[in-house]
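[1] With the input below, show me the fold.
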Amino acid sequence: MPLPEGDTLGVMFSFLNAFQLLRKTVFVVCKEWNRVLCYLPHAWNNQLDLRWVHNNIPCFKFAWHRVTRIDFGRSDQVTDVGLANMSALHLQYLICRFASVSNVGLTYLSSMPLQYLDLSGCVEISDIGLAQLRSLPLKHLNLSYCRKLTDASLAHLTSMPLEHLDLARCEKLTDSGLMYISSLPLKYLNLHLCGPITDAGMLHISSMPLQMLILHGSNITDIGLRLISSLPLKYVGLVYCQKVTQTGLACFPKRCFVNHCYL
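    Next comes the predicted model:
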């Protein structure tokens, strides 16, 4: 019995979602099935949710010509090879948490028009990898738990139009590194347990348009709080900031919610 082809295949595949179509077994049936899948309009729209694909992430190139958003969620099955296979895409949005990617993989993202990038937990990424991203038009960047990053990484962010930057648990960052991002138009900055951040670091961020600032576990004092008290903050996180007193907390206006406790 011959396999269905052409328009018949298109009708059959229209009942399947992107996750079901991405199963590698569907692609390898024959060349005709592969060809139809590559150009199936309903499947490859501008967004792919691949959070449950895991081991079935395709390691082959095909025409994701409409895709601008991909969400891999949290998966260590995403590797440098996977990013290489996506290098021709014009992605604007990519979530790739706790993936098995290295500095080499980031080179494949360097020519994309990315505005939103989540690389949290990609522990093999270092300063060299961040250099590959320096020309991206990023507005949202999550580098939390990327523990190899140092102050040199922040120097590569200076030309980005960043509004959201998450550096939580990047434990090698210091006050000096914050100087590199002092001119960014950040509205959100997360420095939760980010190395020995002190009052000196607060001076570097004191002119930002920040609305949300997380400083949990930092070494700042009331002096540092006074430096940032004039920012348009709506929320400031100060959990485990044991050098802060009620005097410093009183510096913030009523519009700002202050989360402060020793637990």
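[2] Output the below-cut-off pLDDT ranges for this structure.
    Residues of the chain that meet the criterion pLDDT under 70 lie in 1-7, 9-10, 12-30, 32-66, 262-263.
[3] can you list the domains in it?
    Using automatic domain parsing, the domain parsing of the chain gives 1-42, 44-153, 174-263.
[4] how distant is the last one from the center of its chain?
    Distance of domain 174-263 from its chain centroid, counting by C-alpha atoms, centre = their mean, to the nearest Å, is 22 Å.
[5] Would you mind giving the domains of the chain as JSON lines with mean neighbour count and distance to residue 164 added?
    In short, each C-beta sits where N, CA and C put it, glycine included. Converted to JSON lines, the domains of the chain look like this (neighbours: other C-beta atoms under 10 Å; distance: least, C-beta to C-beta, whole Å):
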{"stretch": "domain 1-42", "mean neighbour count": "13", "distance to residue 164": "27"}
{"stretch": "domain 44-153", "mean neighbour count": "18", "distance to residue 164": "4"}
{"stretch": "domain 174-263", "mean neighbour count": "18", "distance to residue 164": "4"}
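[6] any chance of those in JSON lines, plus distance to residue 166?
    Output for these, formatted as JSON lines (distance: least, C-beta to C-beta, whole Å):
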{"stretch": "domain 1-42", "distance to residue 166": "27"}
{"stretch": "domain 44-153", "distance to residue 166": "4"}
{"stretch": "domain 174-263", "distance to residue 166": "4"}
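[7] got the contact list for residue 167?
    With contacts defined as C-beta atoms under 8 Å, 6 or more residues apart in numbering, residue 167 is in contact with 143-144, 149, 173, 189-191, 194.
[8] I'd like these as TSV, with distance to residue 119 appended.
    Compiled in TSV, the contacts of residue 167 are given as follows (distance: C-beta to C-beta, whole Å):
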residue	distance to residue 119
143	6
144	9
149	10
173	15
189	17
190	14
191	17
194	16
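[9] For those residues, give me CSV that also has distance to residue 179 and secondary structure.
    Formatted as CSV, the contacts of residue 167 follow (distance: C-beta to C-beta, whole Å; DSSP: H, G, I helix; E, B strand; the rest coil):
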residue, distance to residue 179, secondary structure
143, 17, coil
144, 21, coil
149, 16, coil
173, 11, coil
189, 14, strand
190, 18, strand
191, 14, coil
194, 14, coil
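[10] and the two most separated of these?
    149 and 189 (14.9 Å; C-beta to C-beta).
[11] Just the endpoints, please. Distance across stretch 179-188?
    16 Å (C-alpha to C-alpha, to the nearest Å).
[12] Please name the bridge partners of the spatially most central residue of the chain.
    Nearest to the mean C-alpha position of the chain, counting by C-alpha atoms, centre = their mean, stands residue 118 at 1.5 Å. For residue 118, the beta-bridge partners are residue 95, residue 142 (DSSP bridges).
[13] neighbouring contacts of stretch 241-253?
    Here stretch 241-253 makes contact (C-beta under 8 Å, 6+ apart) with 215-226, 229, 233, 236, 238, 258, 260, 262.
[14] what about the helices in the stretch 1-150 of the chain?
    Assigned by DSSP state H, counting those that start in this stretch, the stretch 1-150 of the chain shows helices spanning 6-13, 18-21, 24-27, 31-38, 80-85, 103-106, 127-131.
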